[in-house]
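Participant: Everything below, folded, please.
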Amino acid sequence: MRRNWLLCIGVLVVGTLAWAAGPMPDTFFVHFNDPVIVSNQLTLSPGNYKFQRITHPTDPAVFTIINGDNGKVLGTTPPATLAQNGENGNIDVKINEKGTVILDQVDGKDYLDTAYLQGMGHGFMFQQPSSIRDKVKDGGRKIQIDAHTGGSE
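Facilitator: Predicted coordinates for the structure are as follows:
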């Protein structure tokens, strides 16, 4: 009897901690109004997309890209690197209050740059040609789009 009681308490504590942590940030949903180029390999048409992480949290982040309208898997991203939060080298971790995707707009084209997911103290920077990042500094611009984290759209 006592053993069952301790088991129930353990399940309750773990469940409460998982609930308090908020949505699981391994999946995010985003709507693109214009075509978006992912890692110079895949161009996503305007529409709804689901990005689902397929690697272990300690591995480089690779995401499967799924069409949010028909569920079709479109491909995977090359490994993304961690993008640290904080400003001006500040080592204090800032937890993302909401999900955001950053696009680099260069020469009239949008390139997937970074995803900052709700509840995380970092983001994921996606690979793209270095020439694109250089052009952002020389006349390109950053576009910020809301992203919903975890669960379903």
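
Participant: what's the distance between Gln84 and Phe124?
Facilitator: 11 Å (C-beta to C-beta, to the nearest Å). C-beta here means a position set from N, CA and C on the backbone, and glycine is covered the same way.

Participant: So for these two, which sits in the more crowded spot?
Facilitator: Set Gln84 next to Phe124 and count neighbours by other C-beta atoms under 10 Å: Phe124 wins out with 26 against 14.

Participant: Just the pLDDT at the residue nearest the centre of the chain, thanks.
Facilitator: Residue closest to the mean C-alpha point of the chain, counted by C-alpha atoms, centre = their mean, is Ala115 at 4.0 Å. What the model reports as pLDDT for Ala115 is 93.

Participant: Confirm it sits in a strand?
Facilitator: Yes: under DSSP: H, G, I helix; E, B strand; the rest coil, Ala115 sits within a strand.

Participant: Help me confirm that it comes into contact with Phe28.
Facilitator: Yes: if you go by C-beta atoms under 8 Å, Ala115 and Phe28 touch, sitting 6.1 Å apart.

Participant: Sweet, I'm off.
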